[in-house]
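Trainee: Turn this into a model:
(chains A and B)
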Amino acid sequence: MKNIIQPVKGTREFYPEQMALRNFIYEKARAASQAFGYQEWDGPFIESIDLYAAKSGEELVKKQSFVFEDRGGDLVTLRPELTPSLARMVAARQNELTFPVRWWSFGPFWRYEQPQKGRTREFFQWNIDMLGVDSPEADAELIAVAATFLRSVGLDPQRTAVFVNNRRLMDSQFDALGIPPEKRLEISNLIDRRSKMDSAKWEANAFELGFDQKQLDGLKNVLGNYDLWKGNEELVRLFSALDALDVKEYVKFDPNIMRGLLYYTGTVFEAYDIRGLVKRAILGGGRYDNLLADVGGQPLPGVGFAMGDVVAGIILQENGRVPEFQPSPASVLVTVFDQNMLSRSYALASALRRAGVNAMVYPEPAKLQKQFKFADKMKLCVAITIGPDEVEKGRVAVKDLKSGAQQIVPEDAMIEFVRRLLDSQ
RNA sequence: GUGCCUGUAGCUCAACGGCAGAGCGCCACACUGUGGAUGUGGAUGUUGUGGGUUCGAAACCCAUCAGGCACCCCA
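Mentor: Predicted coordinates:
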């Protein structure tokens, strides 16, 4: 063990148990996406660094990307996010795609960050977007997809919520407070920090950034006003649509939700585990109406969100929402009585498989005790034994491993018998 | 990239300058044609790695790697 090469920092190894969790998240994301008619797609895993330089922000490109030179001397990067690839691919076929485009994807991403709980350097992310429609109802649909996912994995509105805000609404509030446009990034970071700092430090920080007492008081008023959305037509329509979509119970307006991304233009939202230990968002997204024009396409509005598998997996585990692990996809073990019977056992297993039953054979003669222990560990449902006694009578022993009951049945009735046993469980 | 905490058996942890241990798990047997329970026995460590201090280091010091917490950032 000592001389084994360690896995690369921040990567994860997926043993069958972890793979099952990843696939569970994938299946639920797919079900929620498809329920709303979204098509699955994917982009390249390696992209030119220039793709992200335009709009993703300096931090992402310069510090958080895996960048390397290929053999031809070009700088390439393992994709840190999907939206720029989406924008390019849509822009490339803008005249032939049928709009609105509803696309979803689930794949690997890489970011060169300091690993800690909920954050790794290699992770999987569910992305889902709608392009071509600029309406609060479209925003509501994406939030409804997110809520549908949460509901489908058993995270109810008492433990999880989607918090919604609107960039345009906040901009108008900042205007009213006399905060100039060039300070928008700073103030948005300041708002993000608020929940992590004590209020005295946070206020000192605000003064350092050049805000005066009046602006600070005004800002605190805005951030504490959870009825702010009622005066905003976009948000009123959004919440009305959420009501019709039957997901209103999951969604709350929260003026403190800002999101760091530069390209969001309207609605922004993040889902959190309300009482959980993980303070990171389960998923986050929003409306980006300028992105396609920014990468060289015709102007096209879009809205979407992304969910990482790391935080989602932790929250599912903390809430006991991960389905029990099934060690084996087989339900039947055919034991091997002795060397002479080995091929008889293989033949029985083959017959079961042809009938659509997943079956394993113990691959060598061993004590039956050991073979049954193996079946137990693999949580199989049925064990079939064929020994000299059975062969003589043309029968096989079929044991229901859940109840412990064993029956001797004619060999030609085995498949029907096993099927009925499995169906009854 | 910065600061702090932690690395001991497969897992969870103890020993905190003086013989490296426990529980769980694993393997075998009791039980040579049948699992889950019970009992008995057994195996497993260059104490993350490399160096230093010391008569003596798992423990103290330095470096390094990995994980965690906070900062940063969160597309």
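Trainee: who's in contact with A:Pro230?
Mentor: One correction, residue A:230 is Lys, not Pro. Applying CB atoms under 8 Å, 6 or more residues apart in numbering, we find A:Lys230 in contact with A:Val236. Backbone N, C-alpha and C define where each C-beta goes, glycine included.
Trainee: so is it in a helix, a strand, or just coil?
Mentor: Of the three states, A:Lys230 takes helix under DSSP: H, G, I helix; E, B strand; the rest coil.
Trainee: confidence score at it?
Mentor: Note for A:Lys230: predicted pLDDT of 95.
Trainee: Same check on A:Phe211?
Mentor: 86.
Trainee: Could you report the distance from A:Ala312 to RNA strand B?
Mentor: When distance is defined by CB to the nearest atom of the strand, to the nearest Å, A:Ala312 is 14 Å away from RNA strand B.
Trainee: residue contacts, that residue?
Mentor: A:Ile25, A:Ile282, A:Leu283.
Trainee: same question, A:Pro410
Mentor: A:Gly394, A:Arg395.
Trainee: what are the phi and psi angles of A:Lys201?
Mentor: Backbone torsions of A:Lys201, given as degrees, to the nearest 10, read phi -60, psi -40.
Trainee: Relative to RNA strand B, how far out is it?
Mentor: 10 Å.
Trainee: how would you label A:Phe269: helix, strand or coil?
Mentor: Under three-state DSSP, the three-state class of A:Phe269 is strand.
Trainee: The nearest residue to it once chain neighbours are set aside - how many residues pack around it?
Mentor: With sequence-adjacent residues excluded and distances taken as CB to CB, 6 or more residues apart in numbering, A:Phe269 is closest to A:Val164, at 4.5 Å. Using other CB atoms under 10 Å, the number of residues around A:Val164 comes to 24.
Trainee: what about the helix or strand containing A:Val164, average pLDDT?
Mentor: Here A:Val164 sits within strand A:160-166, counting by DSSP states H and E. Here strand A:160-166 scores 94 as its mean pLDDT.
Trainee: And that strand, what does it pack against?
Mentor: Here strand A:160-166 touches helix A:136-152, helix A:233-244, strand A:251-253, strand A:267-273, going by 3 or more CB pairs under 8 Å, 6 or more residues apart in numbering; DSSP states H and E.
Trainee: Now tabulate those in JSON lines and tack on distance to RNA strand B, mean neighbour count and mean pLDDT.
Mentor: Compiled in JSON lines, these are given as follows (distance: least, CB to the nearest atom of the strand, whole Å; neighbours: other CB atoms under 10 Å; pLDDT from 0 to 100):
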{"stretch": "helix A:136-152", "distance to RNA strand B": "13", "mean neighbour count": "23", "mean pLDDT": "97"}
{"stretch": "helix A:233-244", "distance to RNA strand B": "19", "mean neighbour count": "17", "mean pLDDT": "97"}
{"stretch": "strand A:251-253", "distance to RNA strand B": "18", "mean neighbour count": "21", "mean pLDDT": "95"}
{"stretch": "strand A:267-273", "distance to RNA strand B": "8", "mean neighbour count": "24", "mean pLDDT": "93"}
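Trainee: Which one, of the ones you listed, ends up nearest to A:Ile187?
Mentor: strand A:267-273 (14.4 Å; CB to CB).
Trainee: Now do that closest one and strand A:160-166, the angle between them.
Mentor: Per axes from the mean of the first three to the mean of the last three CA atoms, to 10 degrees, the angle that strand A:267-273 makes with strand A:160-166 is 160 degrees.
Trainee: Tell me which strands whichever helix or strand comes after strand A:267-273 pairs with, and in which orientation.
Mentor: Next along the chain after strand A:267-273, taking DSSP H and E as the criterion, comes strand A:283-287. When pairing is defined by DSSP bridges, strand A:283-287 lines up against strand A:267-273 (antiparallel), strand A:302-308 (antiparallel).
Trainee: Kindly export the helix or strand following strand A:283-287 (C-alpha atoms) in PDB.
Mentor: Downstream of strand A:283-287, the next assigned helix or strand under DSSP H and E is helix A:291-294. Only the C-alpha atoms of helix A:291-294 are listed here, as PDB (Å, rounded to 0.1, in the frame of the first residue of the first chain):
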ATOM      1  CA  LEU A 291     -24.100  36.100 -23.300                       C
ATOM      2  CA  LEU A 292     -24.700  34.900 -26.900                       C
ATOM      3  CA  ALA A 293     -24.000  38.400 -28.300                       C
ATOM      4  CA  ASP A 294     -20.900  38.500 -26.200                       C
END
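Trainee: And helix A:291-294, what's buried?
Mentor: For helix A:291-294, burial by neighbour count (16 or more other CB atoms under 10 Å) applies to A:Leu291, A:Leu292, A:Asp294.
Trainee: wait, the last one sits on A:Tyr263?
Mentor: Read that as A:Asp294. Yes: under the contact definition of CB atoms under 8 Å, A:Asp294 touches A:Tyr263, with a separation of 7.3 Å.
Trainee: Can you tell me the closest non-neighbouring residue to A:Pro100?
Mentor: Closest to A:Pro100 by CB to CB, 6+ apart is A:Gly132, at 4.0 Å.
Trainee: so who does that neighbour touch?
Mentor: Contacts for A:Gly132 (CB under 8 Å, 6+ apart) come out as A:Phe99, A:Pro100, A:Val101, A:Leu300, A:Pro301, A:Gly302.
Trainee: Over to A:Val361?
Mentor: By CB under 8 Å, 6+ apart, the contact set of A:Val361 is A:Leu333, A:Val334, A:Val336, A:Ser345, A:Tyr346, A:Ala349.
Trainee: What about these, which are in strands?
Mentor: Among those, the members falling in strands (DSSP state E) are A:Leu333, A:Val334.
Trainee: heading toward the C-terminus, what's the first helix or strand past the lowest-mean-pLDDT helix or strand in chain A?
Mentor: Ranked by mean pLDDT, DSSP states H and E, the weakest helix or strand in chain A is helix A:58, scoring a mean of 61. Using DSSP H and E, the helix or strand that follows helix A:58 towards the C-terminus is strand A:66-69.
Trainee: so what are the domain limits for chain A?
Mentor: When chain A is parsed with automatic domain parsing, its domains come out as A:16-318, A:332-423.
Trainee: For RNA strand B, tell me whether the shortest one is touching it.
Mentor: Just to be clear, that refers to domain A:332-423. Yes: Domain A:332-423 comes into contact with RNA strand B (CB under 7 Å from any atom of the strand), by way of A:337, A:367-370, A:372-373, A:375-377, A:383, A:385, A:387-390, A:397, A:399-404, A:406.
Trainee: Give the buried subset of those as a PyMOL selection command.
Mentor: Buried members of those, defined by 16+ other CB under 10 Å, are picked up in PyMOL with:
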select buried, chain A and resi 337+372+375+383+385+387+390+397+399+400+401
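Trainee: Lovely, talk soon.
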